[in-house]
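Colleague: Got a predicted model here, sequence first, then my questions.
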Amino acid sequence: MDDDALSRILKAAGDTTRRQILTLLVQEGALRVTALAAHFDMSLNSVSKHIKVLEEAGLVTRRTLGREHFIAAELEPLNLTEHWFAQLKSIWDLRLAALDDLLVSKDDNDG
């Protein structure tokens with residue numbers, strides 16, 4: 001697993017505005033930066049900074065047509081987070097199974 005990529009993804013997704021940007025892009029498809037900015041009560045420069053963090057995490061791509069910049073969601077990198085969470089769940093499941101075995105064994109010995 002690429003820990004640096006996972007960290008960038010979690011950092012990017014850890015911000016409410018960036019999650020809202022991703023949600024808009026998934027719902028509406030690729031949007032111009034100015035169209036994205038219209039959804040937020042902040043400057044175009046601030047929205048651009050959020051987009052840059054999402055780009056660095058690989059969660060969005062930018063396509064330039066003339067002077068227009070279109071931003072599109074890229075959800076493939078989220079597979080890293082799914083994999084990481086699956087590993088955590090697997091560890092947790094093993095620990096719960098071990099606890100269950102211990103409790104069953106204790107009941108068998110007490111009975």
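Modeller: Okay, I see it. Numbers count the residues shown, from 1 in each chain.
Colleague: Show me what the helix or strand containing T17 is packed up against.
Modeller: Per DSSP states H and E: T17 is located in helix 16-28. Applying 3 or more C-beta pairs under 8 Å, 6 or more residues apart in numbering; DSSP states H and E, we find helix 16-28 packed against helix 3-13, helix 33-37, helix 44-56, strand 60-65, strand 68-73. Just so you know, the C-beta spots here come from the backbone N, C-alpha and C atoms, and that holds for glycine as well.
Colleague: How far away from the center of its chain is the longest helix belonging to the chain?
Modeller: Taking DSSP state H as the criterion, the chain has its longest helix at helix 78-110. Relative to its chain's centre, helix 78-110 lies at 25 Å (C-alpha atoms, centre = their mean, to the nearest Å).
Colleague: if we can go back for a sec, how about the helices and strands packed on helix 16-28, which one is nearest L22?
Modeller: L22 sits nearest to strand 68-73 of all the helices and strands packed on helix 16-28, at 5.7 Å, using C-beta to C-beta.
Colleague: Mind listing residues that contact the closest one?
Modeller: Residues outside strand 68-73 that contact it (C-beta atoms under 8 Å, 6 or more residues apart in numbering) are 21-22, 25-26, 29-33, 36, 51, 59-64.
Colleague: Same check on stretch 35-47?
Modeller: Residues outside stretch 35-47 that contact it (C-beta under 8 Å, 6+ apart): 17, 20-21, 24-25, 33-34, 48, 51, 71.
Colleague: CSV please, covering these and showing neighbour count.
Modeller: Shown next, in CSV, are the contacts of stretch 35-47 (neighbours: other C-beta atoms under 10 Å):
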residue, neighbour count
T17, 15
Q20, 14
I21, 26
L24, 17
L25, 23
V33, 16
T34, 11
S48, 14
I51, 21
I71, 24
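Colleague: Much appreciated, bye for now.
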